[in-house]
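Asker: below is the sequence, then the predicted model.
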Amino acid sequence: MASAAKFVFLRSCMVTIGHIQLPDFPLLLAPMEDVSDPPFRAVCKENGADLMYTEFISSEGLIRDAIKSRQKLDIYEDERPVGIQIFGGDEEAMALSARIVDTVNPDLLDINFGCPVKKVVSKGAGAAVLKDIPLMEKLTAAVVKSTNLPVTVKTRLGWDEGSINIPEVAERLQDVGIQALSIHGRTRSQLYKGEADWTWIARVKENPRIRIPVFGNGDIDSPEKALAYKNRFGVDGIMIGRAAIGYPWVFREIKHYLATGEHLAPATVEERADVIRRHLRRSIEWKGLVPGIHEMRRHYGNYLKGLPNIKGFRQQLVTVKTFEEVDAILGEIVKTYTGYAFERRTEALIETSYTCS
């Protein structure tokens, strides 16, 4: 089995998006609302993510100079290459927001045509645009014309089972100038339920008219599945969302398995504590002490998932107010659980909700 995996991946070619060169079969961190901020992206980068995206940003919010929207534009040199993702349903607003994005110099600009949540869809944005391909073309063309950055798109298969239109969408968006396409293998009506159907993603990739990289997204939560989906569906790379929450090591584990056919041992309690510290430190540096401490609280349960009788420590972590107090509790956790053998993750087990396309 190991030799077969090595044989499949003994290639040395690059995936190119505009001026960006990524390694063969790159692993992308999905844009996730309230998750993929700079501190989270930093720990994913350290553990093997090849290309990352910001949380999605409202074009209307950028134009209004909304503080939260503007803060999502923050990117750092050590996380490159990184793309900023925007969403909206108005041509002029999308064009103006693209010009604003240009000013912070990301590596690419991504358009969200896939978010299924009601608050986005009700504004005619995200997955709502899947019901109007001509509008999708106009919005995309407006962005392409308004920026010097490579423009990419993340979308879904279609609005519902009866209106899957991703093969046509892929061709038409390529024709107006996008340079890569990420496809979540569900329809809008599925939300995050059921199994992602990658056969439609494969149809796009197999289309001889499609020249741009095609990345698959949905349900990749183990090294075995990453290898199986790569071989079966022929995508240029994989975008990972939920499986990275609380477990940024998923990137390095997948890469190791693809290269060797062998599994890395799960992250130890010491590694988990160290990454929590780095994540928290970056969170405080980015947002300040109080908001940095508060926003980190949603991550502790996911980082410590699998440890028996951890509830008491978790309750302490979400009540303390300084880095030093968190650090001390993590020290106690390491002392208590040193040598604990974590089970290897075979699926994404998270304790948070999130919004992603």
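Answerer: Yes, it's here.

Asker: and the residue nearest to S122 when sequence neighbours are not counted, how far from L139?
Answerer: Nearest non-adjacent residue to S122, counting by CB to CB, 6 or more residues apart in numbering: A128, 7.7 Å away. From N, CA and C alone the C-beta is placed, and that goes for glycine too. Distance from A128 to L139, counting by CB to CB, to the nearest Å: 11 Å.

Asker: right, and E137 touches R172 too?
Answerer: Yes: taking contacts as CB atoms under 8 Å, E137 lies within contact range of R172: 5.5 Å.

Asker: looks like V153 contacts H184 (just checking).
Answerer: No: using CB under 8 Å, V153 makes no contact with H184, being 11.3 Å away.

Asker: quick one, strands of the stretch 151-300 of the chain?
Answerer: 151-156, 181-184, 214-217, 237-240 (DSSP state E, counting those that start in this stretch).

Asker: can you show me the CA trace of the second one as CSV?
Answerer: This points to strand 181-184. The C-alpha coordinates for strand 181-184 follow below in CSV (Å, rounded to 0.1, in the frame of the first residue of the first chain):
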residue,chain,number,x,y,z
LEU,A,181,-12.1,27.5,-9.2
SER,A,182,-12.9,25.8,-5.8
ILE,A,183,-16.0,23.7,-5.8
HIS,A,184,-17.9,22.5,-2.7
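
Asker: please compute how far that strand lies from its chain's middle.
Answerer: Relative to its parent chain, strand 181-184 has a centroid offset of 11 Å by CA atoms, centre = their mean, to the nearest Å.

Asker: list the helices and strands it packs on?
Answerer: For strand 181-184, the elements it packs on are strand 151-156, helix 166-175, helix 199-206, strand 214-217, judged by 3 or more CB pairs under 8 Å, 6 or more residues apart in numbering; DSSP states H and E.

Asker: tell me which of these sits nearest to L108.
Answerer: Across those, L108 has its closest neighbour in strand 151-156 (5.7 Å, CB to CB).

Asker: so what does that closest one touch, helix or strand wise?
Answerer: Packed on strand 151-156, when contacts are counted by 3+ CB pairs under 8 Å, 6+ apart, are strand 108-113, helix 133-146, helix 166-175, strand 181-184.

Asker: does the residue nearest to S122 really touch G89, like I thought?
Answerer: Yes: contact status for A128 versus G89: in contact at 6.8 Å, counting by CB under 8 Å.

Asker: what is the mean pLDDT for stretch 207-215?
Answerer: For stretch 207-215, mean pLDDT is 97.

Asker: spell out which residues make up each domain of the chain.
Answerer: 2-260, 269-337 (automatic domain parsing).

Asker: closest to R344 out of those domains?
Answerer: Comparing the domains of the chain under CB to CB, the one sitting nearest is domain 2-260, at 8.3 Å.
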